[in-house]
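In: requesting a structural model of the entry that follows:
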Amino acid sequence: MDRKTQEDDGRTIADMSAEWMPWNRGVWRRKRRAERTAQPQESKEEQKRKYRAAVRAQYLAMLPMLGCILAGFGLMYFLLRLWLGA
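Out: Below is the predicted model of the structure:
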């Protein structure tokens, strides 16, 4: 078929509705909102306490990696001092 003679025949090759995109989930959003309202709401203090506990746990989980990075820098510094004879 020549490009000049091609016409839209109405077939759908790929569905472009993108229902998985966040702004296209109206049904799911309503369902989640109903689930959230059905659960008892936590107080602001309880939410803040949980958030701080999660952040603290995150930093504690990163401590071993930070220690390895600092040990690597320390080793490089020591080896450079030996190599340069300073």
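In: need the contact list for residue 62.
Out: Contact analysis of residue 62 by Cβ atoms under 8 Å, 6 or more residues apart in numbering lists nothing. The way it works is simple: take the backbone N, C-alpha and C, and place the C-beta from them, glycine included.
In: any idea how many residues pack against residue 35?
Out: Number of residues near residue 35 (other Cβ atoms under 10 Å) recorded here: 9.
In: enumerate every residue touching it.
Out: Here residue 35 is in contact with no residue (Cβ under 8 Å, 6+ apart).
In: helix/strand/coil for it?
Out: Secondary structure state of residue 35, per DSSP: H, G, I helix; E, B strand; the rest coil, is helix.
In: quick one: it from residue 21, how far?
Out: With distances taken as Cβ to Cβ, to the nearest Å, residue 35 is found 21 Å from residue 21.
In: residue 64 now?
Out: Per Cβ to Cβ, residue 64 is found 38 Å from residue 21.
In: with residue 9 instead?
Out: Using Cβ to Cβ, residue 9 is found at 27 Å from residue 21.
In: and residue 75, by the same measure?
Out: Taken as Cβ to Cβ, the span from residue 75 to residue 21 is 48 Å.
In: same question, residue 73
Out: Separation of residue 73 from residue 21 (Cβ to Cβ): 43 Å.
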